[in-house]
Structures are given as C-alpha cells and as structure tokens.
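J.: need a structure here:
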Amino acid sequence: MQKPVIVVHGGAGTWKPERRKMGVAGVKEAARTGYDVLKRGGSALDAVETAVESMEDNEVFNAGLGSSLTIDKRIEMEASIMDGKTLNAGAAGLLKDIKNPVHLARIVMENTDHVLVVGQGAEKLAELFHLERRKPFTELRLRYWQEAREELSRGEIDYLQKLKKLLESRSHLFDTDTVGAVALDREENVAAATSTGGYTLKFPGRIGDSPLIGCGTYADNEAGACSATGIGEVAVRLVLAKSVCDLMRNGRSAQKAVESCIVLVNKRIRLKESIGLIAVDAKGGVGAAHNTRNMCWAYMTPRRSKPKAALEAKIVLETSWESANL
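T.: Below you'll find the predicted structure:
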C-alpha cells in the first residue's frame, strides 16, 4: 500500500488554448496543497476540501470564482463532500455567491441532519455560519456565454429540444469542467469532494451530478473514492461515482474501475465527449480516465516529490468490455 495519496481534476471536456497552461498549474497547486495536509498527518477529508477550495479560488476552473453562466446569465454553483470512514456526506446547490461551495457542503454534513440542501436553505445555512461571499462573475465565462448565445441566436440549435439532442448537436458549446479531489490518508481513510458551476447555458434550477452522492462523488473505506466531471446527467443516470467504487470493492484497481465505467458510459449512454473520472482505491492506487478530448488532472503519492499533472489521462472510446481488455 502507498499512502498518503491525492488525485485532483480540474474538469473534462475540450480545454481551450488560453486556459491550458493555467489549468495544469492550477491542478498542480491543488494537488500540492491537499498533499501538504496529508503529509502533516491531516485527514483525507481535510485534504480533499483544501484541494477543491484551491480550485474554487482559481478562475480558470468552472467552480467557485470561475463558474459558468446559466441561459439567463445567472450563477448557480453546487458541491459535495464525503467521508469514506463514516459514509457521512454533505452537499449544497443553487448557490449564488458563496466563496467556497465545498466548505458549505461540509457544513451540511457536520452540522445538519441532511445530505443535500439547496437554494434559500443553503443560503440561510451560509448566513448562520458566516461564510465568506464573493461575486463569481468573470470576463472569461461571460465571453464563453456570449459565444454560445450567438450560435443560438443564429438558429443553429433549437434550445427547446431535449437536452440529449442539444448536447449531441453542439456539445462543444458546453464547458463541462468540474473540479474534484479524492484522497487516502495515513490512517487508510478515503474521502472525495466535487464542486462545479455547471455548464454554460444550463437551465436555471438545474441540479447536476456534483452535489448528488453516488453520482458525482462517492467514498467508502471498503472500496475507495471517486469524483466525476463532465455532463452531469450522464453521471446521474448511471450513478457513476458509486459504480466506480463498487468495482473497486470487488477487487478492481482504481485505474481499471474508472476505465470500466467509461466503457459503460460509451455503451449505455452513447454520448461522445461526456465524462471524466478520477479515483483512488483502498490500497492507494490512482485511477484517471475520460472519453473527452481533455481532462485536466494531477496527483501526488509518497513516491513523488512534486505533483504530476497533465491535460489527458487514459482516453477510453471502446464500447465493449472485451475490446477495452478489462
């Protein structure tokens, strides 16, 4: 077993040239800050929260400060966190101006009897705990929103069609970046956290996979931990993070588990460029795979003196278990 270990992602999708260098630097920093917590003897739970907060504070990522805009130019953020030791979890959604949504998710987990709180209730909870606020409205996300709206105004897509058809016809319009982290600490406890602003032009009130336990985030000491990124509806329909953990529970390594679940997406949903996954198994194995053009991610283990980061992991396009050699 190798421990401690942390893996982070800054989002799957097509990373535009102007964001690539900053994205790689950002996931390196997130991995380093999270690993520093683990190295000092901190918990996996503290490490994933710290790592995700680092990315929420970096406008290059679609979470916190860099959140995407809805069709009517609103901000609606969401996040979740889960403790693999206790199976306790917390999540928050429809957040307008919370500086660090993942911290509010942890407050939900540790200070309420609930798992998911959204909208006015989440805002009230933030007031009670005096959470810091900021306007997560950046020029970069406004430009992406304007580009997408221009395509809509030219009649190139009909927004009133079902979401699946919209995504299939113009999937490049959607910034599906999400940030997340998974970790294994010295006490062999795992944890996972995920945070996002959703995708550009989403309908107001939409809830994605990031705050849904088992879909975008899952952690269990008996299996491992997983965080998903991409089109949330895909992860929701397949309960994807839990599916990865179930495979690890049954003996798959973290890498084989994430690859297997990307094959599952390709086979059952058949939506191109839709999902990325990171995972850590109970032995400290690292996993990362996606069916998108890019996934910005990084990891640290005791064998590394600095974070390893890349814009790609294992790209899986197969639709059958046999062809993927899984």
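J.: Now do the same for Glu127: helix, strand or coil?
T.: helix (DSSP: H, G, I helix; E, B strand; the rest coil).
J.: contacting residues for it?
T.: By Cβ atoms under 8 Å, 6 or more residues apart in numbering, Glu127 lies in contact with nothing. Every residue, glycine included, has its C-beta placed from N, CA and C.
J.: where does it sit relative to Val8, distance-wise?
T.: Glu127 is 30 Å from Val8, where distance means Cβ to Cβ, to the nearest Å.
J.: Can you list the strands that the longest strand along the chain pairs with?
T.: Secondary structure of the chain per DSSP state E: the longest strand is strand 5-13. With DSSP bridges as the test, strand 5-13 is paired with strand 179-184 (antiparallel), strand 294-300 (antiparallel).
J.: which element follows the last one toward the C-terminus?
T.: Right, the one you point to is strand 294-300. Using DSSP states H and E, the helix or strand that follows strand 294-300 towards the C-terminus is strand 308-310.
J.: Note down every partner strand of that following strand and its orientation.
T.: Here, using DSSP bridges, strand 308-310 pairs with strand 294-300 (antiparallel).
J.: buried sites along the partner strand?
T.: 294-300 (16 or more other Cβ atoms under 10 Å).
J.: what about Asp185, neighbour count?
T.: 25 (other Cβ atoms under 10 Å).
J.: Not counting the helix ranked longest in the chain itself, show me its contacts.
T.: Longest helix of the chain, by residue count under DSSP state H: helix 17-39. Identification of contacts with helix 17-39 by Cβ under 8 Å, 6+ apart yields 4-11, 15, 43-44, 46-48, 50-52, 54-55, 58, 60-61, 140, 179, 181, 183, 185-186, 296-300, 306-307, 309-311.
J.: Show me what counts as buried in it.
T.: By neighbour count with 16+ other Cβ under 10 Å, helix 17-39 contains the buried residues 19, 22-24, 26-35, 37-39.
J.: Please save the CA atoms from it in PDB.
T.: Provided in PDB are the C-alpha atoms of helix 17-39 (Å, rounded to 0.1, in the frame of the first residue of the first chain):
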ATOM      1  CA  PRO A  17      -5.600  27.000 -25.600                       C
ATOM      2  CA  GLU A  18      -5.900  30.200 -23.500                       C
ATOM      3  CA  ARG A  19      -6.700  28.100 -20.400                       C
ATOM      4  CA  ARG A  20      -4.400  25.100 -20.700                       C
ATOM      5  CA  LYS A  21      -1.200  26.400 -19.100                       C
ATOM      6  CA  MET A  22      -3.100  27.900 -16.200                       C
ATOM      7  CA  GLY A  23      -5.200  24.800 -15.800                       C
ATOM      8  CA  VAL A  24      -2.200  22.500 -15.400                       C
ATOM      9  CA  ALA A  25      -0.600  24.900 -13.000                       C
ATOM     10  CA  GLY A  26      -3.900  25.100 -11.100                       C
ATOM     11  CA  VAL A  27      -4.300  21.300 -10.600                       C
ATOM     12  CA  LYS A  28      -0.600  21.000  -9.600                       C
ATOM     13  CA  GLU A  29      -1.200  23.600  -6.900                       C
ATOM     14  CA  ALA A  30      -4.400  21.900  -5.700                       C
ATOM     15  CA  ALA A  31      -2.700  18.600  -5.500                       C
ATOM     16  CA  ARG A  32       0.300  20.100  -3.600                       C
ATOM     17  CA  THR A  33      -1.900  21.900  -1.100                       C
ATOM     18  CA  GLY A  34      -4.000  18.800  -0.500                       C
ATOM     19  CA  TYR A  35      -1.000  16.600  -0.200                       C
ATOM     20  CA  ASP A  36       0.600  19.000   2.300                       C
ATOM     21  CA  VAL A  37      -2.400  18.400   4.600                       C
ATOM     22  CA  LEU A  38      -1.900  14.600   4.300                       C
ATOM     23  CA  LYS A  39       1.800  14.900   4.800                       C
END
